[in-house]
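**Q** sequence first, then the predicted structure, then my questions.
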Amino acid sequence: QVQLKESGPGLVKPSQTLSLTCTVSGGSITTGYYYWSWLRQPPGKGLEWMGVIGYDGKIYYNPSLASRTSISRDTSKNQFFLQLRSVAPEDTAVYYCATPRSWWGDRRYDYWGQGTQVTVSS
């Protein structure tokens, strides 16, 4: 059973960079045809897909966030990462890592982290 767990600071100041880690257990992030996504849900709003990194290292971003977002991985630690630059209060959300069911653009997810609250405030 694949398990995902997000970690990172819960409070980030405006204009700074939000950095989160997703630690994966029960499976390797390099296993064929698995993809590893970041999503977020602002308070009172729906889920927003931010981007995904594949088993092969290919990365796809939500075009609306691409200019501020970086996704990377450390295969030796079985972790993948999210960086969101120049944050503003509207970036306040619960951030999730999750595994799409079949391909990188699939919006059905088989495995989820528990989510981590990030608040952007001075």
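**A** Great, that's in hand.
**Q** can you tell me the SS state at E90?
**A** Judged by DSSP: H, G, I helix; E, B strand; the rest coil, the three-state class of E90 is helix.
**Q** now do the same for the closest residue to it other than its chain neighbours: its pLDDT.
**A** Among residues not flanking E90 along the chain, P42 sits closest, at 7.0 Å (C-beta to C-beta, 6 or more residues apart in numbering). Every C-beta, even on glycine, is put in place using the N, C-alpha and C of the backbone. The confidence metric pLDDT takes the value 98 at P42.
**Q** does P42 really touch Y95, like I thought?
**A** No: under the criterion of C-beta atoms under 8 Å, P42 makes no contact with Y95, lying 10.2 Å away.
**Q** neighbour count winner among the two?
**A** Neighbours around P42 and Y95, counted as other C-beta atoms under 10 Å, are more numerous at Y95. The numbers are 23 against 14.
**Q** distance of that one from V87?
**A** In this structure, Y95 lies at 11 Å from V87, with C-beta to C-beta, to the nearest Å as the measure.
**Q** next: G10.
**A** Computed as C-beta to C-beta, the G10 to V87 distance reads 13 Å.
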